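A.B. asks: A predicted structure for the sequence below; I have some questions about it.
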Amino acid sequence: MRQDIQNTAKRELTEAQRQLVSNHLPLAYAIAWRMKDCGVCLDDLRQEGCLGLCEAAMRFGEDAGNSFATYASHWCRKMMLSAIHHNTATDSLDDNTAHEPEDDDLLRSGQLRRIDNAMRCLDPVERQIIGQFYGINTERLSLTEIAAGLGFSRARASSLHQRALRRLETELRKHPLADYLTPWLC
């Protein structure tokens, strides 16, 4: 796919296409900002977004029924996710087994890293309750089972669970998880 993009990039943009790209740079930058914690520096993501805008401008047909912003956001994300994948693949020890994961796989792995980082704000008991309740690296358990294992009442386990969720929510607001996970920009 990268070769196809490079071949297309050798063509010149028309003035109308340049204007489309220029007008939609904030869109590419916003998408890059939302993906900034995926292991590729923000400037590189912005550059990939600009390449995505150029690709979208060359391929866009107004008769398609979508706005250019909708169409371009697909290409921006695609280019950024490709860069993230390329970065991940080159960091792995065995590049021969690298494959192009789906967009959802990349976003899910980033989401899991983000949640792991946010869980560091919890104390060990809260972390255990959240981990067991949601099945993070362990079997999912009910609050009753978790409470029994910890020697707490179910009400106490529920209270700790709610407190942990509030603390996680506060931590995730510092770096909005919803923005990071939402791959579509309207």
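C.D. replies: Received it, and whenever you're ready, just let me know what you need.

A.B. asks: How is the protein divided into domains?
C.D. replies: Domains of the chain are assigned by automatic domain parsing as 2-99, 103-177.

A.B. asks: export those domains to CSV and tack on mean neighbour count?
C.D. replies: No exception for glycine: its C-beta is placed from N, CA and C like everyone else's. CSV is the format used below for the domains of the chain (neighbours: other CB atoms under 10 Å):
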stretch, mean neighbour count
domain 2-99, 16
domain 103-177, 15
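
A.B. asks: could you dump these to CSV with mean pLDDT?
C.D. replies: Formatted as CSV, the domains of the chain follow (pLDDT from 0 to 100):
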stretch, mean pLDDT
domain 2-99, 76
domain 103-177, 84
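
A.B. asks: Now do the longest helix anywhere in the chain: which elements does it pack against?
C.D. replies: Criterion DSSP state H: the longest helix present in the chain is helix 68-91. Applying 3 or more CB pairs under 8 Å, 6 or more residues apart in numbering; DSSP states H and E, we find helix 68-91 packed against helix 25-34, helix 42-59, helix 103-118.

A.B. asks: Rebuild these as CSV, extending it with distance to residue 146.
C.D. replies: Formatted as CSV, those follow (distance: least, CB to CB, whole Å):
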stretch, distance to residue 146
helix 25-34, 34
helix 42-59, 39
helix 103-118, 18
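
A.B. asks: out of the ones you listed, nearest to residue 145?
C.D. replies: helix 103-118 (21.9 Å; CB to CB).

A.B. asks: After that closest one, which helix or strand is next? Please name it.
C.D. replies: Following helix 103-118 in sequence order, the next helix or strand is helix 124-134 (DSSP states H and E).

A.B. asks: Name the residues that touch that next one?
C.D. replies: 119, 122, 136-143, 145-146, 149-150, 157, 160-161, 163-165, 167-168 (CB atoms under 8 Å, 6 or more residues apart in numbering).

A.B. asks: and that helix, how far from the chain's centre?
C.D. replies: Distance of helix 124-134 from the chain centroid (CA atoms, centre = their mean, to the nearest Å) equals 24 Å.
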